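Asker: what's the 3D shape of this:
(chains A and B)
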Amino acid sequence: ETGVTQSPTHLIKTRGQQVTLRCSSQSGHNTVSWYQQALGQGPQFIFQYYREEENGRGNFPPRFSGLQFPNYSSELNVNALELDDSALYLCASSLEDYGYTFGSGTRLTVV
Amino acid sequence: GQNIDQPTEMTATEGAIVQINCTYQTSGFNGLFWYQQHAGEAPTFLSYNVLDGLEEKGRFSSFLSRSKGYSYLLLKELQMKDSASYLCAVGYSGAGSYQLTFGKGTKLSVIP
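Answerer: Take a look at the predicted model:
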């Protein structure tokens, strides 16, 4: 087990730009979820991927999109960045439905 | 809708016991989780309850009452390193996925 790793750890982008965040899931975990955590708030569910297909989505607009790859890595893409997108983005992987392992997150700042 | 309430902040003394409460009103329920999150770090799993009752794991215990929509996390023999945010989360299955809905977290400060 190598845990869940995310990159980059910190990122600054300008409003209107696009960003890609990356996650390497725990070995063997076929489910990955992405969460957004604004300052002082709990994480909010963005979407979940299972075997490379999106199988659940929270209340986020289509400019939030993702990909999951056969090697257990995944991406979160955000287009047309807005100031309110500034947050900690967490990736979580699991083999079954329970027992999520979270990565340490990417801190995105939109200016 | 989903609504999870927990106190915003708590302070307790080293060596003492503290109880962090969580109430929830959710449209589905498939387990209640507690996570610990130190500032700038990932949430780490503490406990999972799906049936009513108390689950004990070392210094940490978690209780669930599904009929009351209520849970608590009990931390015994507090240590300075327990200063962190504690997140209550309800899991539910919907539309083919398993999701966690989190509360805003309780920031616990342990003082000497």
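
Asker: what residues does chain A put near chain B?
Answerer: A:4, A:31, A:33, A:35, A:40-45, A:48, A:50, A:55-58, A:90, A:97-105, A:107 (C-beta under 8 Å from any C-beta of the partner chain). (Each C-beta comes from the backbone N, C-alpha and C, glycine too.)

Asker: among the residues you listed, name the ones in strands.
Answerer: Cross-referencing these against strands under DSSP state E gives A:31, A:33, A:35, A:44-45, A:48, A:50, A:55-57, A:90, A:101-102, A:107.

Asker: doesn't A:Asn55 make contact with A:Gln68?
Answerer: No: counting by C-beta atoms under 8 Å, A:Gln68 stays clear of A:Asn55, with 10.2 Å between them.

Asker: quick one, which of the two is more surrounded?
Answerer: A:Gln68 (22 against 14; other C-beta atoms under 10 Å in any protein chain shown).

Asker: for the more buried one, give the beta-bridge partners.
Answerer: Beta-bridge pairing for A:Gln68 (DSSP bridges): A:Ser74.

Asker: residue ranges with poor pLDDT in chain A?
Answerer: Chain A contains residues with pLDDT under 70 at A:1-2, A:96-98.

Asker: pick the one among the ones in strands among the residues of chain A next to chain B closest to chain B.
Answerer: Nearest to chain B among these is A:Gly56, at 2.4 Å by C-beta to the nearest C-beta.

Asker: returning to what we had before: what subset of the ones in strands among the residues of chain A next to chain B is buried?
Answerer: A:31, A:33, A:35, A:44-45, A:48, A:50, A:56-57, A:90, A:101-102, A:107 (16 or more other C-beta atoms under 10 Å in any protein chain shown).
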